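1. mind folding the following:
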Amino acid sequence: MAKYRKPLCKICRKYGIKLYLKGRRCESDKCAVDPRKGKIRLIKPKKLSEYGMQLREKNKVKIYYGVLERQFKRYFEVAKKHKGVTGEILLQLLERRLDNVIYRANWVYSRKMAKQVINHGNILVNNRKNDRPGYLVGEGDIIQIKPNSRYIKIVKECIEEYKTKARPLWFKVDDENLKIEILRKPTREEVSIPVEEQLIVNLYSK
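-> Numbers count the residues shown, from 1 in each chain. Sure, this is the predicted structure:
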């Protein structure tokens, strides 16, 4: 996960949405962007130019998925080579990142924690150790926690805590055996972050 030197809650307030950068705190009433409080403490946005809006959308997605500029640009170049709508394919690629899948399966509290679990060699993909958070999962892939992993207890606690939280339908989770099966590629509607991806395409197309 890319490191951001600014206070993480300030980043969410800047964009006016929850980017879930601080794990459990983002789910609590301590979150700086919490509509349950009746008044959201946001940073008043400045009037942006067209370029400013494009840059804002790109940075929002980068921060959300925890990737750096060079990585993000590489994803865009891959998306541009595929047939279809470039912006949607870009989001689809980011959504298929291994760290994102583990987070969206409710196995960890944040994408930062997902990256830590993966980097420590605790994740198996198709029965092989995979320590690359940016690995793109494909249809038929089986993801699981190593049987002797020290993270198993934490994963089970997270599953219990988030048992009412919805999961995407493009993968199936077996909580008992701690396995995830990728059924298909995600659709645009299954990308949780609100973003105007066409602005990102316009930015890189100049």
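2. list the buried ones in the longest helix along the chain?
-> Ranked by number of residues, the top helix in the chain under DSSP state H is helix 50-65. By neighbour count on 16 or more other Cβ atoms under 10 Å, the buried set for helix 50-65 is Gln54, Arg56, Glu57, Lys58, Asn59, Lys60, Val61, Lys62, Ile63, Tyr64, Tyr65. Backbone N, C-alpha and C define where each C-beta goes, glycine included.
3. what of stretch 179-193?
-> Neighbour-count burial for stretch 179-193, counted by 16+ other Cβ under 10 Å, picks out Ile180, Ile182, Lys185, Pro186, Val191, Ile193.
4. once you drop chain neighbours, what's closest to the first one?
-> If I follow you right, that is Ile180. Distance criterion Cβ to Cβ, 6 or more residues apart in numbering; nearest residue to Ile180, sequence neighbours excluded, is Ile143 at 4.1 Å.
5. ditto for the last one
-> Excluding its sequence neighbours, the residue lying closest to Ile193 (Cβ to Cβ, 6+ apart) is Tyr64, at 5.0 Å.
6. surely the one you found meets Val191?
-> No: judged on Cβ atoms under 8 Å, Tyr64 makes no contact with Val191 at a distance of 9.8 Å.
7. residues contacting His82?
-> Listed by Cβ atoms under 8 Å, 6 or more residues apart in numbering, the contact set of His82 reads Ile89.
8. as a check, name the ranges of all helices in this protein.
-> Counting by DSSP H, the helices of the chain are 8-15, 24-27, 50-65, 69-81, 86-95, 98-104, 111-119, 152-161, 197-204.
9. how near is the closest residue to Pro168 other than its chain neighbours to Leu91?
-> Excluding the flanking residues, the one nearest Pro168 by Cβ to Cβ, 6+ apart is Glu190, at 4.9 Å. Glu190 sits 10 Å away from Leu91, going by Cβ to Cβ, to the nearest Å.
10. hang on, the earlier thing: closest to Asn202 out of the buried residues of helix 50-65?
-> When the buried residues of helix 50-65 are compared for distance to Asn202 (Cβ to Cβ), Gln54 comes out closest, at 5.8 Å.
11. identify the residue nearest the closest one in space, chain neighbours excluded?
-> Leu203 (3.8 Å).
12. just checking, that neighbour touches Gly52?
-> No: counting by Cβ under 8 Å, Leu203 stays clear of Gly52, with 10.4 Å between them.
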